[in-house]
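> Okay, predicted coordinates and the sequence, questions at the end:
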Amino acid sequence: MIDAFSYAGSPAQIIFGRGSKSKLAECITNAGCKRALVLSTPHQRADAEALARDIGPLACGVFAGAVMHTPVDVTEAAMKIVVDTKADCVVALGGGSTTGLGKAIAYRTDLLQIVVPTTYAGSEVTPILGQTEGGRKTTVRDARILPEIVIYDPALTHGLPVSMSVTSGLNAMAHALEGLYARDRNPVSTLMAIEGLRAFSSSLPKIVAAPDNADARNEALYGAWLCGTVLGAVGMALHHKICHTLGGSFDTPHAETHAVMLPHTAAFNAKAAEAELAPAAKLFAGSIGGGLWDFAKSIGAPMSLKEFGLSEADLDRAASIAVENPYWNPRPIDRDSIRALLQEAWDGRRPAD
Ligand code: NAD
């Protein structure tokens, strides 16, 4: 049954395809820009410098200082380079951390952003920025934050190690899964979520078997675009809240935390959102929690929170923080059930739907 809905299409331009990195110079000039500051993490500096060489005089510099969770002091250091080099646009080459830095610059300056993603995190298609200052992570949503152009070149993901491909893919799948039961979902977000989950359920096992499988890398990056777009379009619930709590208060690794938690949060909501999750359950042998757990295990994902050094006492505190501020979830939340959910994920037990 089609119910009432509201739909707003993303204004971003998406360029997808093997070799599409070569369209960067054209994108910059078509947008009326002349001085691009290329951003990356320290780890991807050489790739950022090569990209800057590719666009020749259109590059005004490289800032390779992006780190996880977009600390404000790093943004301030990058802002100094933006001013010194008179940059009129930023090009973020990398995963969610580098994209986050580009977004933080655009939030302060409204400079044009072009993102060239190299992971499956999906941040490049959302108007959401998480920044940290003084150990606190805050999230802002603003039209200036949404990157104007995304160049998805699957060739750039071949170097993404298999373990990161798996966790990054599961991170993206979590956006789609929660999008399926979002209160503000619409027919387009639902179509994108189902297709995104299908793309990863098909491609991740192939990437694990052969990391250079070009078709599988194409399909996974296509899935990343779909799942990220769902995250940017509709509201998230329990899963993202718990991962935010674990990452923010216990410094657990971002994509890995999503990977461990996803089967457990999906099982928690399975009955309350049975109809909405049915197309996803079909992809995982009819069982959304247990099926996803089997899938994650089969592709070598981390399976338990204890692998990240969390103690059982931390779970008590995490459960309290996760229910501190009420938020919507298809199944009502209380501290005891969240504590039990965390215990199951900490132990690494297969959830029952
Ligand atoms: P990341 O960007 O932190 O990358 C992890 C490491 O992998 C980095 O050292 C990076 O340089 C390296 N790397 C990236 N691509 C590579 C490749 N192809 N080959 C080899 N190494 C590569 O990881 P991530 O998971 O993409 O991003 C996580 C961050 O993104 C978190 O801070 C998270 O909060 C944020 N995020 C934000 C949103 C949003 O909408 N605001 C959505 C998803 C994630």
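The structure has been received and is ready for your questions. None of these values were measured; they are calculated from a predicted model.
> Nearest to the ligand: which residue in the stretch 1-150 of the chain?
Proximity of the stretch 1-150 of the chain to the ligand (Cβ to the nearest ligand atom) peaks at residue 96, 1.9 Å away. (Glycine included, C-beta is placed from N, CA and C.)
> Would you check that residue 288 makes contact with residue 276?
No: judged on Cβ atoms under 8 Å, residue 288 makes no contact with residue 276 at a distance of 10.2 Å.
> For the stretch 151-300 of the chain, which residues are neighbours of the ligand?
Proximity of the stretch 151-300 of the chain to the ligand, by Cβ under 6 Å from any ligand atom, involves residues 156-157, 159-160, 168, 231, 254-255.
> Please convert those to a markdown table, extending it with distance to residue 4, neighbour count and secondary structure.
What follows is those, written out as a markdown table (distance: Cβ to Cβ, whole Å; neighbours: other Cβ atoms under 10 Å; DSSP: H, G, I helix; E, B strand; the rest coil):
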| residue | distance to residue 4 | neighbour count | secondary structure |
| --- | --- | --- | --- |
| 156 | 41 | 23 | helix |
| 157 | 39 | 22 | helix |
| 159 | 45 | 12 | coil |
| 160 | 40 | 21 | coil |
| 168 | 35 | 29 | helix |
| 231 | 22 | 27 | helix |
| 254 | 35 | 21 | helix |
| 255 | 35 | 26 | helix |
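> so which pair among those is furthest apart in space?
The two members of those with the most space between them (Cβ to Cβ) are 159 and 231, at 24.3 Å.
> ok, back up a step: who has more neighbours out of residue 288 and residue 276?
Remark: of residue 288 and residue 276, residue 288 carries more neighbours, 27 against 18, as counted by other Cβ atoms under 10 Å.
> dump the residue contacts of the more buried one.
By Cβ atoms under 8 Å, 6 or more residues apart in numbering, the contact set of residue 288 is 177, 266-267, 270, 277, 280-281, 353.
> Am I right that residue 150 falls within a strand?
Yes: assessed with DSSP: H, G, I helix; E, B strand; the rest coil, residue 150 lies in a strand.
> Contacts only, for it.
For residue 150, the contact set (Cβ under 8 Å, 6+ apart) comprises 12-15, 114-117, 124-125, 225.
> Of those residues - the most surrounded one?
residue 124 (32 neighbours).
> Are we agreed that that one is in a strand?
No: using three-state DSSP, the secondary structure at residue 124 is helix, not a strand.
> Would you check that it makes contact with residue 228?
Yes: Residue 124 lies in contact with residue 228 (Cβ under 8 Å); the separation is 6.4 Å.
> Not counting residues beside it along the chain, what's closest to residue 218?
residue 154 (4.5 Å; Cβ to Cβ, 6 or more residues apart in numbering).
> Now do the one you found against residue 224, distance only.
Residue 154 sits 10 Å away from residue 224, going by Cβ to Cβ, to the nearest Å.
> more neighbours, the two?
The residue with more neighbours, out of residue 154 and residue 224, is residue 224; 31 against 21, by other Cβ under 10 Å.
> Look up the closest residue to the more buried one, ignoring the ones flanking it.
residue 120 is the one closest to residue 224 (Cβ to Cβ, 6+ apart), at 3.8 Å.
> Show the pLDDT at that neighbour.
On the pLDDT scale, residue 120 is placed at 98.
> residues contacting it?
Contacts of residue 120 by Cβ under 8 Å, 6+ apart are 157, 165, 168-169, 171-172, 200, 220-221, 223-224, 227.
> mind listing which of the residues you listed are in helices?
Secondary structure defined by DSSP state H assigns 165, 168-169, 171-172, 200, 220-221, 223-224, 227 of the contacts of residue 120 to helices.
> Let me have those residues in TSV, adding distance to residue 131 and pLDDT as columns.
TSV is the format used below for the ones in helices among the contacts of residue 120 (distance: Cβ to Cβ, whole Å; pLDDT from 0 to 100):
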residue	distance to residue 131	pLDDT
165	27	98
168	21	98
169	25	98
171	19	98
172	21	98
200	28	99
220	28	98
221	26	98
223	27	98
224	22	98
227	23	98
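> Which one of the residues you listed is nearest to residue 45?
Nearest member of the ones in helices among the contacts of residue 120 to residue 45, counting by Cβ to Cβ, is residue 168, at 20.2 Å.
> Could you look up the SS state of the residue lying closest to the closest one once chain neighbours are set aside?
Spatial nearest neighbour of residue 168, excluding adjacent residues (Cβ to Cβ, 6+ apart): residue 120 at 4.1 Å. With three-state DSSP as the basis, residue 120 sits in coil.
> confidence score at the closest residue to residue 205 other than its chain neighbours?
Residue nearest to residue 205 in three dimensions, not counting chain neighbours: residue 299, with 5.8 Å by Cβ to Cβ, 6+ apart. pLDDT, residue 299: 98.
> So what's the residue count around residue 241?
Other residues within reach of residue 241, judged by other Cβ under 10 Å, total 20.
> Buried residues in the helix or strand where it lies, which are they?
Using DSSP states H and E, residue 241 maps to helix 238-250. Residues of helix 238-250 classed as buried: 238-248, 250 (neighbour count, 16 or more other Cβ atoms under 10 Å).
> Which two of these have the greatest separation?
Pairwise distances across these (Cβ to Cβ) peak at 17.2 Å, for the pair 238 and 250.
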